[in-house]
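Chemist: Just need the structure, nothing else, for what follows:
(one chain, ligands or ions: 2)
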Amino acid sequence: MDTIIKTDTSSRPAQGQTVTERKRPSRQEAEAAVRTLIEWIGDNPDREGLLDTPARFVKAYEEVYRGYREDPVEPLKRTFKEVNGYKDMVLLRDVEFFSACEHHMVPFVGKAHIAYYPSDGVVGLSKLARVIDTYARRLQTQETMTAQIIEVIEKTLNPRGIALMIEAEHMCMSMRGVQKKGVSTVTTTFTGVFEDDMAKQDRFMTLVGVR
Ligand SMILES: Nc1nc2c(ncn2[C@@H]2O[C@H](COP(=O)(O)OP(=O)(O)OP(=O)(O)O)[C@@H](O)[C@H]2O)c(=O)[nH]1
Ligand SMILES: [Zn+2]
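Modeler: Ligands and ions are numbered 1, 2, ... in the order given. Here you go, the predicted model:
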């Protein structure tokens with residue numbers, strides 16, 4: 001049976017895409033595509049070691065790209081108001097993530113550091129990490145991922161300000177192409193009270209451990 005999936009526009013809000021509906025290939029079709037790729041690289045998909053590889057590959061893709069089936073707004077819906085009036089910065093440092101760049105579908109791996117000034121209650125700490133993961137588990141550029149995380153937190157939580165820094169190594173730069181290993185790509189965004197306040201930005205950087 002054909003499955004129709006709705007493309008989540010929040011995966012590319014910056015580019016202003018409209019919602020489209022398209023037919024999702026069946027698992028069988030996806031496995032056949034992997035078989036074709038194995039043949040294309042020059043191996044034999046019928047040899048013993050590769051016989052179950054298309055099925056494993058598709059199963060792994062389901063996990064690696066699970067972000068398409070998740071709603072990033074969901075984890076942020078519940079806030080806790082009883083924090084004795086705590087209004088200072090809440091910061092999560094070193095949130096590890098695995099993603100894949102949309103140009104080569106090769107992994108980029110790194111850490112996100114995120115801070116916000118609560119306006120009306122705080123959100124469960126794990127929920128911010130969930131939002132990061134949902135976007136990481138989709139195809140995109142690091143810049144897009146940074147913008148998407150900021151946008152969903154801003155819209156859902158309406159904090160007084162958000163700071164986000166993502167640092168990652170892109171395998172498309174290290175294992176192929178220009179072949180530069182160990183290069184960190186760093187993206188940052190500051191909103192609200194962070195935006196024009198260098199002292200707040202400095203404090204964020206200090207807490208994150210950037211000199
Ligand atoms: N800005 C940005 N660029 C990215 C990201 N991931 C990969 N890239 C870059 O995307 C570019 C794609 O360049 P193209 O010239 O279209 O493709 P290519 O011939 O494979 O390029 P090379 O990687 O230089 O071999 C490369 O410079 C990559 O390093 C990302 O998250 N953000
Ligand atoms: Zn790439």
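Chemist: Quick check, central residue of the chain?
Modeler: Geometric centre of the chain, nearest residue: A136, 1.8 Å, by CA atoms, centre = their mean.
Chemist: measure that residue to E169 for me?
Modeler: Using CB to CB, to the nearest Å, A136 is found at 14 Å from E169. All C-beta spots, glycine's among them, are computed from the backbone N, C-alpha and C.
Chemist: what's next to stretch 72-79, contact-wise?
Modeler: Contact with stretch 72-79 is made by 10, 120-124, 126-128, 130-131, 134-135, 148, 152-153, 155-157, as judged by CB atoms under 8 Å, 6 or more residues apart in numbering.
Chemist: Buried residues, it. List them.
Modeler: For stretch 72-79, the buried set under the neighbour-count rule, 16 or more other CB atoms under 10 Å, comprises P72, P75, L76, T79.
Chemist: What about these, which are in strands?
Modeler: Assigned to strands by DSSP state E, the following of those qualify: T79.
Chemist: any chance of the buried residues of stretch 72-79 in a markdown table, with pLDDT and distance to V186 too?
Modeler: Shown next, in a markdown table, are the buried residues of stretch 72-79 (pLDDT from 0 to 100; distance: CB to CB, whole Å):
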| residue | pLDDT | distance to V186 |
| --- | --- | --- |
| P72 | 96 | 22 |
| P75 | 95 | 25 |
| L76 | 95 | 25 |
| T79 | 90 | 30 |
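Chemist: so which of the buried residues of stretch 72-79 comes closest to ligand 1?
Modeler: P72 (18.5 Å; CB to the nearest ligand atom).
Chemist: name the helices or strands packed onto the host helix or strand of E31?
Modeler: Following DSSP states H and E, one finds E31 within helix 27-41. When contacts are defined as 3 or more CB pairs under 8 Å, 6 or more residues apart in numbering; DSSP states H and E, helix 27-41 sits against helix 53-64.
Chemist: centre of the chain versus the helix it packs on, how much separation?
Modeler: Put simply, helix 53-64 sits 19 Å off its chain's centre (CA atoms, centre = their mean, to the nearest Å).
Chemist: residues near E143, how many?
Modeler: 13 (other CB atoms under 10 Å).
Chemist: Could I get the full set of helices for the protein?
Modeler: Assigned by DSSP state H, the helices in the chain fall at 27-41, 53-64, 125-136, 142-157, 171-174, 198-208.
Chemist: Using CSV, write out every CA atom in the fifth one.
Modeler: Spelled out, it's helix 171-174. Output of helix 171-174 as CSV, limited to C-alpha atoms (Å, rounded to 0.1, in the frame of the first residue of the first chain):
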residue,chain,number,x,y,z
MET,A,171,32.9,14.1,7.6
CYS,A,172,32.4,15.4,4.0
MET,A,173,35.4,17.6,4.7
SER,A,174,37.5,15.0,6.4
